[in-house]
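Colleague: okay, structure incoming, though there's no sequence with it:
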Ligand code: BES
Ligand code: MN
Ligand code: MN
């Protein structure tokens, strides 16, 4: 948690006295009349750059008093993604020294200050922690105090800290090595989290799912020696809520590919295939900590995709919980299998809205790279809400089609449908069509294929490669379209 100190006035004296690490966030008009202007001018001239160049790239300099100062020139004309990226890059050299106290000088028109300070607070707070799985090799930072010069109204830091907490939980879980986050170990963490947050927790274990006829989930889970796979439901209730949100997440703790084994290059990192579930959990935590007036049921499909004598095979035909028979085509398409039965369970409870998160397809990454994620919804207007939330949050999503005729590719001779195809088709679209068969059409549903869950050298506000993409996006969607507060 960061302690915020605000000061409406801003002078070079104050800036020199208040902290060893200073971030100057300015628009182009205020830069040349702002704090440390002479020093900045000197450095710019030495580098043969102009004031305007600061809009492209922040600079960092040292004052005579020994302070480290980062200077960034922002414009509120630019997108939230661009502004957050600029701020993150400017903060990186400061945060690399793990300061306990940072001063921020805000130099812009009054009308832009609230918005800019909200971005600054988010970007500072999200990068102020070191992620636990990385901790041993790094000193522990503790940014505990931020002094703001130039503005005296704080953004909603409770909301921001809640998102930071949810996003950080998501990243820490995703980064946990697979021997330390088996389904069984994950489950014990979930019990602890449920106790902390007062969530009710319900578990459908392997035997229960098998007995219920959740054949799609079981097909994947049966390949593991430990029968610790499960579907877990965590619930948050608010007494004044009149809407219930269903969140579903893919929680594959390791994806070997199964019998259609991945090559080493593609298997490395597959402990992160539980990121979708971690996003759902992060959203649940952010909603809980910020006390949102909504009910949430968070469903996690937790399993591993193993090779072995009991593992499912190509050509197996399995019956899903909703009765649909599925012809297994490729054992590496395990995500849609475990999500199928989890969506069935979630949809049976008739939530007002259903959202699923998954690192589902390589083809979404082929389509978008790792800077944006894809969204597919069973209603165009619903997809548009996510596009808008992506714009304001800076976690950008692109809409992909949900068109019925794509089902032809999934027609099977031996079952109701194929799991996938072996052709180089648009698998991200086929996967969404497949998942749609387990969701009641009456429920607004969207599927978020998290192609951007990890991006080298950071993305938008977040400096780490694994970035928690989806938590802030969903909180902005919630605030704009379900609860209408932010
Ligand atoms: N988890 C992977 C997809 C993935 C890999 C997402 C890397 C993000 C990063 C998924 O389970 C998978 O293996 N999908 C296959 C499906 C195919 C066999 C139809 C893929 O995309 O190759
Ligand atoms: Mn796979
Ligand atoms: Mn997978």
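Modeller: That came through fine. If you're wondering where the values come from, they're calculated on a predicted model, not measured in any experiment. Ligands and ions are numbered 1, 2, ... in the order given.
Colleague: list the contacts for the residue in the stretch 1-150 of the chain positioned nearest to ligand 2?
Modeller: At 22.4 Å from ligand 2, residue 133 is the closest residue in the stretch 1-150 of the chain, using CB to the ion. Where C-beta positions appear, they are placed from N, C-alpha and C, glycine not excepted. Residue 133 is in contact with 172, 175-177, counting by CB atoms under 8 Å, 6 or more residues apart in numbering.
Colleague: among these, which ones are in helices?
Modeller: Within the contacts of residue 133, residues falling in helices by DSSP state H are 172, 175.
Colleague: now the contacts of residue 133 in JSON lines, with distance to ligand 3, pLDDT and neighbour count?
Modeller: Putting the contacts of residue 133 into JSON lines (distance: CB to the ion, whole Å; pLDDT from 0 to 100; neighbours: other CB atoms under 10 Å) gives the following:
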{"residue": "172", "distance to ligand 3": "20", "pLDDT": "97", "neighbour count": "21"}
{"residue": "175", "distance to ligand 3": "17", "pLDDT": "97", "neighbour count": "20"}
{"residue": "176", "distance to ligand 3": "17", "pLDDT": "97", "neighbour count": "21"}
{"residue": "177", "distance to ligand 3": "17", "pLDDT": "97", "neighbour count": "9"}
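Colleague: mind checking the SS state of the residue of the stretch 1-150 of the chain closest to ligand 2?
Modeller: Classification of residue 133 using DSSP: H, G, I helix; E, B strand; the rest coil returns helix.
Colleague: who in the stretch 151-300 of the chain is up against ligand 1?
Modeller: Contacts of the stretch 151-300 of the chain with ligand 1, taken as CB under 6 Å from any ligand atom, map to 255, 273.
Colleague: residue 175 contacts residue 467, doesn't it?
Modeller: No. Contact criterion CB atoms under 8 Å: residue 175 and residue 467 do not qualify, at 10.9 Å.
Colleague: by mean pLDDT, which helix or strand of the chain comes out lowest?
Modeller: Ranked by mean pLDDT, DSSP states H and E, the helix or strand of the chain with the weakest confidence is helix 12-18, at a mean of 82.
Colleague: show me where the protein dips below the pLDDT cut-off.
Modeller: 138-139, 484-486 (pLDDT under 70).
Colleague: mind listing what the closest residue to ligand 1 within the stretch 101-250 of the chain touches?
Modeller: Across the stretch 101-250 of the chain, no residue is closer to ligand 1 than residue 250, which sits at 7.8 Å (CB to the nearest ligand atom). Neighbouring residues of residue 250 by CB under 8 Å, 6+ apart: 273-277, 301, 335, 338-339, 356-360.
Colleague: quick check on the residues you listed: which are buried?
Modeller: With burial judged by 16 or more other CB atoms under 10 Å, the buried subset of the contacts of residue 250 is 273-277, 301, 335, 338-339, 356-360.
Colleague: return only those of the residues you listed found close to ligand 3.
Modeller: Restricting those to those near ligand 3 by CB under 5 Å from the ion leaves 273, 335.
Colleague: distance to ligand 2 added to the buried ones among the contacts of residue 250, as JSON lines?
Modeller: Output for the buried ones among the contacts of residue 250, formatted as JSON lines (distance: CB to the ion, whole Å):
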{"residue": "273", "distance to ligand 2": "7"}
{"residue": "274", "distance to ligand 2": "12"}
{"residue": "275", "distance to ligand 2": "13"}
{"residue": "276", "distance to ligand 2": "12"}
{"residue": "277", "distance to ligand 2": "15"}
{"residue": "301", "distance to ligand 2": "13"}
{"residue": "335", "distance to ligand 2": "6"}
{"residue": "338", "distance to ligand 2": "10"}
{"residue": "339", "distance to ligand 2": "12"}
{"residue": "356", "distance to ligand 2": "16"}
{"residue": "357", "distance to ligand 2": "16"}
{"residue": "358", "distance to ligand 2": "11"}
{"residue": "359", "distance to ligand 2": "9"}
{"residue": "360", "distance to ligand 2": "9"}
